[in-house]
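Novice: I'd like to go over a predicted model; first the sequence, then the structure.
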Amino acid sequence: MAVKIEMPKLSDTMEEGVIAKWNVEEGDKVSSGDVIAEVETDKATMEVEVFDDGTILKILAHEGDAIPLGGLMAVVGEEGEDISEIIEEAESGQEPEKTEVEEEKEEKSKEKKESAKEEKSSESSTSDNGRIKASPLARKMAEDKGIDLNHVEGSGPEGRIIKRDIEDYEPAAAPAAQIQYTSEEDEDVKTSQMRKTIARRLAESKFTNPHFYETIDIDMEHAIEARNRLNEISEVKISFNDIVVKACAAALRQHPYVNSSWMDDVIRQHGDVNIAVAVAIEEGLMTPVINHADKKNLRQISTETRELAGLAKDRKLQPEQMEGSTFTVSNLGMFGIEEFTAIINPPNVCILAVGAIRDVPVVKDGEVVPGKRMKVTLSSDHRVVDGAKAADFLNTLRELLENPLSMLL
């Protein structure tokens, strides 16, 4: 008996999946447990298995197609089995997505042509039935002087060109040669599942959670010295972001309201400190989580961060590796960004935006000397965190980063 292979629910927030790759073709034999396809979800690329032995009788979705949950992907059954009813039922409710895009392009092209035609037909003219209104004398004078009557504005009745208009006519300066540019064709880039989810979640966060922002400038001179010394003796190289994550974890232990979630009826102050680290990939942003960050040393945080970041860039992060965060760190310092604000990553109530370390002049002991400064901006959900509480957290974070040895106590 033929078995329908439908789009499974591969993550808790998944609404549809995109066929990233087929591992089988029509006519191939498959056994229970075989991975027949890879599907891009809103969080990662997942494998789809079959649970029945048989032959791939029909593949109903192409690579790149978005299939809703429960949508038909393929049919497995006995070789030669009649599946016409299944195919007819599936095709009756499907319309190729490319058709809509092509129709939209054709409509735009049609509108552009019609617009050009209307502009041409609406050009003003001073002629009746193609003849310019001008007196015989004015015509003779214009002919003798080589004046094109199309360029002369008439001052006689009904705009007729008369002798005075030809005598007063001064040819306009020739316009500067205009550079002709070739218009490039627009390109519609298909929205990935990840980008759809990012758009939905960030829009919900920005317009649901009342954000406010506080920025503080931190002296990073001692943190730079500490990192240099650690990297001289450590097999695992410590980054500035690792130090920021460790400092945030320590500060969150002292300020539990920043390590919280808004639950409508209650504010949940989390017992664990799980810090999400934003990782930029081509399709958008992924946020792998460093669990129990407050209980891990810098070497452990560095090793785990690099491993998770590598999985994120290869699109191999599993959903459980991106869940359960209580706070988020987003660092754009490596891109040369000095200061920015970030949108809160629900269900967190705060996110820290970290800028680049800057060379700036500072005053010490009454003298201007070179300094190393870094700006960080805390985005907070005002339903949970007030301005003074956010400021307290930032001051603790600054104290830890300006005195990094205190994190080792």
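Specialist: Received it, and whenever you're ready, just let me know what you need. Numbers count the residues shown, from 1 in each chain.

Novice: in the stretch 251-400 of the chain, which spans are strands?
Specialist: Here the stretch 251-400 of the chain has its strands, by DSSP state E, counting those that start in this stretch, at 260-262, 267-269, 275-277, 279-281, 284-286, 289-290, 327-331, 350-364, 367-381.

Novice: Equivalent analysis for the stretch 1-150 of the chain, please.
Specialist: Counting by DSSP E, counting those that start in this stretch, the stretch 1-150 of the chain has strands at residues 3-6, 16-22, 29-30, 35-40, 45-49, 54-59, 66-68, 72-77, 127-128, 131-132.

Novice: nearest to residue 188, of those?
Specialist: strand 66-68 (14.3 Å; C-beta to C-beta). All C-beta spots, glycine's among them, are computed from the backbone N, C-alpha and C.

Novice: And the closest one, what does it pack against?
Specialist: The helices and strands touching strand 66-68, judged by 3 or more C-beta pairs under 8 Å, 6 or more residues apart in numbering; DSSP states H and E, are strand 16-22.

Novice: Now do the same for the residue minimising distance to the centre of the chain: its pLDDT.
Specialist: Centroid check for the chain by C-alpha atoms, centre = their mean gives residue 284 as the closest residue, at 4.7 Å. pLDDT, the model's per-residue confidence, is 83 for residue 284.

Novice: Ok, the one 10 residues further on next?
Specialist: Confidence at residue 294, expressed as pLDDT, is 95.

Novice: dump the residue contacts of it.
Specialist: With contact set as C-beta atoms under 8 Å, 6 or more residues apart in numbering, residue 294 has these partners: 249-250, 252-253, 273.

Novice: mind checking how far it is from residue 85?
Specialist: As defined by C-beta to C-beta, to the nearest Å, residue 294 lies at a distance of 59 Å from residue 85.

Novice: Any stretches of this protein with poor pLDDT?
Specialist: Under the criterion pLDDT under 70, the flagged ranges of the chain are 93-130, 173-177, 409.

Novice: The same query, at a cut-off of 50, please.
Specialist: Counting by pLDDT under 50, the low-confidence segments of the chain come to 94-102, 105, 113-126, 128.

Novice: care to break it down by domain?
Specialist: Following the assignment in automatic domain parsing, the chain carries domains at 3-94, 133-170, 193-408.

Novice: Can you say which of those is nearest to residue 180?
Specialist: domain 133-170 (22.9 Å).

Novice: that older thread, can the strands of the stretch 1-150 of the chain go into CSV with extra columns for distance to residue 187 and mean neighbour count?
Specialist: Formatted as CSV, the entries for the strands of the stretch 1-150 of the chain read as follows, by distance: least, C-beta to C-beta, whole Å; neighbours: other C-beta atoms under 10 Å:
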stretch, distance to residue 187, mean neighbour count
strand 3-6, 32, 18
strand 16-22, 19, 20
strand 29-30, 37, 16
strand 35-40, 20, 20
strand 45-49, 24, 17
strand 54-59, 28, 20
strand 66-68, 19, 16
strand 72-77, 28, 22
strand 127-128, 44, 10
strand 131-132, 47, 14
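
Novice: Count the neighbours of residue 356 for me.
Specialist: A count of nearby residues for residue 356, using other C-beta atoms under 10 Å, gives 17.

Novice: which residues sit in contact with it?
Specialist: Residues in contact with residue 356, defined by C-beta under 8 Å, 6+ apart, are 332-338, 374.

Novice: The same query, at a cut-off of 6 Å, please.
Specialist: When contacts are counted by C-beta atoms under 6 Å, 6 or more residues apart in numbering, residue 356 is found next to 333, 336, 338.

Novice: and residue 23, what is it in contact with?
Specialist: With C-beta under 6 Å, 6+ apart, residue 23 has these contacts: 35-36.

Novice: Distance check, it against residue 192.
Specialist: Here residue 23 is placed at a distance of 20 Å from residue 192 (C-beta to C-beta).

Novice: Look at residue 180 and say how many residues are nearby.
Specialist: The number of residues packed around residue 180, counting by other C-beta under 10 Å, is 5.

Novice: I should have written residue 137 there, sorry.
Specialist: Residue 137, neighbours per other C-beta under 10 Å, totals 11.

Novice: which ones are touching it?
Specialist: Residues residue 163 are the ones in contact with residue 137 under the rule C-beta under 6 Å, 6+ apart.

Novice: redo that, cut-off 8 Å
Specialist: Residues touching residue 137, when contacts are defined by C-beta under 8 Å, 6+ apart, comprise 162-163.

Novice: try the one 5 residues further on
Specialist: Residues near residue 142 by C-beta under 8 Å, 6+ apart: 134, 148-149, 152, 161, 166.

Novice: can you check residue 352 too?
Specialist: Shown here is residue 352, whose contacts under the criterion C-beta under 8 Å, 6+ apart are 244, 248, 327-330, 342, 376-379, 397.

Novice: same thing but 6 Å
Specialist: Residues in contact with residue 352 (C-beta under 6 Å, 6+ apart) are 329, 376, 378.

Novice: now residue 66
Specialist: 16, 18.

Novice: how close does the residue in the chain sticking out farthest from the centre get to residue 148?
Specialist: For the chain, the C-alpha farthest from the mean C-alpha position belongs to residue 137; by C-alpha atoms, centre = their mean, that distance is 69.7 Å. According to C-beta to C-beta, residue 137 stands 17 Å off from residue 148.

Novice: And for residue 271?
Specialist: Here the criterion is C-beta to C-beta. By it, residue 271 lies 87 Å from residue 148.

Novice: Likewise for residue 262?
Specialist: Distance of residue 262 to residue 148, given as C-beta to C-beta: 75 Å.

Novice: which one of these two has more residues nearby?
Specialist: A direct count of neighbours by other C-beta under 10 Å for residue 262 and residue 148 places residue 262 higher, at 18 against 10.

Novice: partners of the residue nearest to the centre of the chain in the sheet?
Specialist: Note on residue 284: beta-bridge partners by DSSP bridges are residue 281.

Novice: Wait, it touches residue 197, no?
Specialist: No. In this structure, residue 284 is not within contact of residue 197 by C-beta atoms under 6 Å, at 8.5 Å.
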